[in-house]
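> sequence and predicted structure, then a few things I'm wondering about:
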Amino acid sequence: MFSMSKHLVAYSVSLLILVGAVLLGVTVGTVSISPVVLWNPSSDEAAANILWNIRMPRVILAGLVGAALAIAGAAFQGLLKNPLADPYTLGVSSGASVGAVTTLFFGISIPFLGPFTLPVMSMIGALLTMFAVMSFAKLVDRSMKMETVILTGIIFSSFLGSIISLMIALTGEELRQIIGWLLGSVSMRGWPYVRMALPFVLIGSFILWLKRRELNAMLFGEERAQHLGVDVKKSKMTILIGGSVLTGAAVSVSGTIGFVGLVVPHMTRLLWGSDHRHVLPLSFINGAALLIVCDLVSRTIISPTELPIGVITAFIGAPVFAFIFFRQRKGGV
């Protein structure tokens, strides 16, 4: 009964924060807009135009990216049983970035995919990197200790970062587009980007949601999970694919935004426990809320200039990362 009421509080609080973040995101800015415009657009047509064509798609996109990174981070942390795992530290974000930058650099457009070429290429980059990191870590250390996996992720991140730098050095007119995109931003993307990311975010989240019980079983170790009837190999693969789809979708529309997948699931576990039936959906909701707020800060803090959203998330995330690492080393986690 207590658990039921605790989770009811968790969902109520998280949803209230998300609704508050959305309302702030669409009404606050260089031009303040009354919330009334939301349900009565005819009361101020100019404000309604800004709200529905500029702010709303931006807020929804920030929410989708935050939700995707947070739920992917929650799954990676559960799978690898370590609070330091997230798409950023495992090198998956870098892989997705290489996929997306390659698409922009060579102007690739796959005929039957059209505008979906960018997220698909980004996902392929994320997936290939994830498998490369896992395979290399296994070669180095059969038991695949978490430190080995994270160090491998960092090695791959550095290597992929140098590939991106090389492409930037070779670019001409695409330079601005690639640099702006790499810094992480959801500004001036509009509804087409929302339509591009939405199906992949929903598919990836659904894949991970289907594996919530397996993630719970794996918390007790792979052997125990096997005894409980979990097909560990298949489940691992499915979770890695789901997480990579989400990371690829997020990175393809917003560039590299770090630490969301690290901070949100960790805080969610600290506050509401580690049952993945709740950790996954709560991380999804809280990740959306956090990135909407970070985006709001990035565009208002030194208005009219905009900061890249990645700067804000790193500002919050780096100290939290240090704190988690310190606690873990001291045996507190």
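Here it is on my side, so go on.
> pick out the residue closest to the middle of the protein.
Centroid check for the chain by C-alpha atoms, centre = their mean gives L69 as the closest residue, at 1.5 Å.
> tell me the secondary structure for that one?
helix (DSSP: H, G, I helix; E, B strand; the rest coil).
> and it, what does it touch?
With contact set as C-beta atoms under 8 Å, 6 or more residues apart in numbering, L69 has these partners: 86-87, 246-247, 250, 257, 260-261, 264, 287, 291. Heads up, the C-betas are built off the backbone N, CA and C, glycines and all.
> which element follows the least confident helix or strand in the chain by mean pLDDT toward the C-terminus?
Least confident helix or strand of the chain, by mean pLDDT, DSSP states H and E, is helix 175-182 with a mean of 74. Scanning forward in sequence from helix 175-182 by DSSP states H and E, the next helix or strand is helix 190-210.
> which strands and helices sit next to the helix or strand where P319 lies?
Following DSSP H and E, one finds P319 within helix 309-329. The helices and strands touching helix 309-329, judged by 3 or more C-beta pairs under 8 Å, 6 or more residues apart in numbering; DSSP states H and E, are helix 260-272, helix 276-300.
> could those helices go into TSV alongside mean neighbour count, mean pLDDT and distance to G95?
Formatted as TSV, the helices and strands packed on helix 309-329 follow (neighbours: other C-beta atoms under 10 Å; pLDDT from 0 to 100; distance: least, C-beta to C-beta, whole Å):
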stretch	mean neighbour count	mean pLDDT	distance to G95
helix 260-272	24	91	14
helix 276-300	25	95	20
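> just send those helices back as CSV, with distance to S187 too.
Below are these laid out as CSV (distance: least, C-beta to C-beta, whole Å):
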stretch, distance to S187
helix 260-272, 17
helix 276-300, 7
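> mind listing what's buried along the helix holding P319?
309-314, 316-317, 321, 324 (16 or more other C-beta atoms under 10 Å).
> make CSV from these and add distance to L282 and pLDDT to it.
CSV is the format used below for these (distance: C-beta to C-beta, whole Å; pLDDT from 0 to 100):
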residue, distance to L282, pLDDT
I309, 22, 89
G310, 24, 84
V311, 26, 86
I312, 22, 90
T313, 19, 90
A314, 23, 86
I316, 18, 85
G317, 18, 84
F321, 20, 81
I324, 18, 81
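> thought A126 was touching G91?
No: counting by C-beta atoms under 8 Å, A126 does not reach G91; the two are 9.3 Å apart.
> these two: which is more packed in?
A126 (35 against 26; other C-beta atoms under 10 Å).
> tell me which element the more buried one is part of?
Secondary structure from DSSP H and E places A126 in helix 117-140.
> tell me what angle that helix forms with helix 175-182.
Relative orientation of helix 117-140 and helix 175-182, computed by axes from the mean of the first three to the mean of the last three C-alpha atoms, to 10 degrees: 60 degrees.
> for helix 117-140, packing partners?
For helix 117-140, the elements it packs on are helix 92-106, helix 146-170, helix 190-210, helix 232-254, judged by 3+ C-beta pairs under 8 Å, 6+ apart.
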